[in-house]
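A.B. asks: One predicted model, sequence on top.
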Amino acid sequence: MVVRWLQDVVNLVQRLLFEPSQMLKVGFLCLLAESFINVLIVEKVKYTEIDWKAYMDEVEGFINGTYDYTQLKGETGPLVYPSGFVYVFTGLYYITNQGANIKLAQYLFGVLYLVFYGLIVLILKKTEAVPPFALLFFTFASYRVHSIFALRLFNDPVAMLFLYLAIYFFIQKKWFIGCAIFSFAVSIKMNIMLFSPGLLFILMVEEGFIQTCIYISLCGTIQLLLGLPFLLENPYGYIKMSFDLGRQFFFKWTVNYRFLPENVFLSRYFHICLLAVHIGLLIAVFMLRWRKLTKPLDAKSILLILFSSNFIGIACARSLHYQFYIWYYHTLPALFFSTKLPVPLVMLMLGCIELCWNTYPSTVLSSSVLQICHLIGAVALLLPPRTEKRKIS
């Protein structure tokens, strides 16, 4: 009797961990755990001020009637995010008593994380891209991600929340609302544009050239409307400050290129080389993987195209800062498990990436290991997937 009971328990655990059909059950349990973890973090771990005060200073200028983007500044420097950021954090400014109620802001970001996590569960359930045990990795394996939300209050997770909401609609092929939400995510932080090459390919395949142009126009119109108060005041200043692709990063904060001499890191030629590699890898993944997918695209293919587009951009980024981990953390299992990389190597890579992002300050070793993992992942994404059954002539 006892042996049979134990065997039933083992079978149940195996199903919960490895059968995609069990994703919602595991997700519900993980959300309960996340609720407790986030409260524990807010109550027991010391808050560290980095950008929150600067965010509040920046939106306070807007609230006081300053629409010239070049005049909106915080204690860490000028405002460098598009207008959606201003509107979202203006709301947080009022809710948190002009930014003074830090504890309330932390709890709001804790709730944000639960919604964020719920979206991840729904997306992975819909696509069956990874087994449910990946959720345990998300919940228990990353101090850094929880810190980005509840202890640092960065704008990156807000942008990524809307990005995942857009993806949720994309995998259901609701392109209009998905593109509208995607554009709003871009208006909070520009890193969302790393998904755009994949999204462009998906729209061209699914909707054709004319309809794709309509969706691009929709995204542009949303950006125009959101930025209108600032464009009317100082159009050049708004575009330059919020969409500055040439912005220089400080070497002391880099997570991925600590192994380089500082003069090389700051070199314009190095940046041009990274851009060339980025474009080359996008062309390669298009030729070797994306265009070989069966049309119409299924939910899993849509997810992997978007995630791989973003991953290539991150692997070729000029500099990664600690809050940027949220840009791809929840995409990594789906990406790596879709390749022919052996499962032990995938687990090792996920562990190494996690350790690298938790090494502060970054070291020559940590940044080298991180970029090696990125390189392995990028090469693996160019090769045929674990089960290549989606061929077309």
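C.D. replies: Yep, it's here. Numbers count the residues shown, from 1 in each chain.
A.B. asks: my guess is Tyr257 contacts Ser367, does it?
C.D. replies: Yes - using CB atoms under 8 Å, Tyr257 is in contact with Ser367, at 6.0 Å. The way it works is simple: take the backbone N, C-alpha and C, and place the C-beta from them, glycine included.
A.B. asks: Next, count neighbours for the nearest residue to Tyr67 once chain neighbours are set aside.
C.D. replies: Excluding the flanking residues, the one nearest Tyr67 by CB to CB, 6 or more residues apart in numbering is Glu233, at 3.9 Å. Glu233 has 15 neighbouring residues, counting by other CB atoms under 10 Å.
A.B. asks: same check, this time on Ile376
C.D. replies: The number of residues packed near Ile376 is 17, by other CB under 10 Å.
A.B. asks: For Tyr257 and Ser367, work out which one has more neighbours and name it.
C.D. replies: Counted by other CB under 10 Å, Tyr257 and Ser367 do not tie: Tyr257 has more neighbours, with 23 against 20.
A.B. asks: if I pick that one, what's in contact with it?
C.D. replies: Taking CB atoms under 8 Å, 6 or more residues apart in numbering, we find Tyr257 in contact with 265, 318-319, 367, 371.
A.B. asks: how about a cut-off of 6 Å?
C.D. replies: Shown in contact with Tyr257 (CB atoms under 6 Å, 6 or more residues apart in numbering): 265, 367.
A.B. asks: For my notes, confirm it occurs in a strand.
C.D. replies: No - per DSSP: H, G, I helix; E, B strand; the rest coil, Tyr257 lies outside any strand segment and is coil.
A.B. asks: What separation do you get for it and Ser362?
C.D. replies: Here Tyr257 is placed at a distance of 9 Å from Ser362 (CB to CB, to the nearest Å).
A.B. asks: Then Ala284?
C.D. replies: 28 Å.
A.B. asks: now Cys213
C.D. replies: 42 Å.
A.B. asks: Between the two, tell me which one has more neighbours.
C.D. replies: Neighbours were counted for Cys213 and for Ser362 using other CB under 10 Å; Ser362 has more, 23 against 13.
A.B. asks: Which residues are in contact with the closest residue to that one other than its chain neighbours?
C.D. replies: Among residues not flanking Ser362 along the chain, Arg258 sits closest, at 4.4 Å (CB to CB, 6+ apart). The contact partners of Arg258, taken as CB under 6 Å, 6+ apart, are 362, 364, 367.
A.B. asks: Was I right to think the second one contacts Phe259?
C.D. replies: Yep, that's Val364 we're talking about. Yes - at 4.5 Å, Val364 counts as touching Phe259 under the criterion of CB atoms under 6 Å.
A.B. asks: Of the two, which one has the most company?
C.D. replies: Phe259 (18 against 10).
A.B. asks: surely that one meets Val369?
C.D. replies: No - at 9.7 Å, Phe259 does not count as touching Val369 under the criterion of CB under 6 Å.
A.B. asks: where along the stretch 251-393 of the chain do the helices fall?
C.D. replies: Along the stretch 251-393 of the chain, counting by DSSP state H, counting those that start in this stretch, helices occupy 262-265, 268-288, 299-315, 332-337, 343-357, 364-382.
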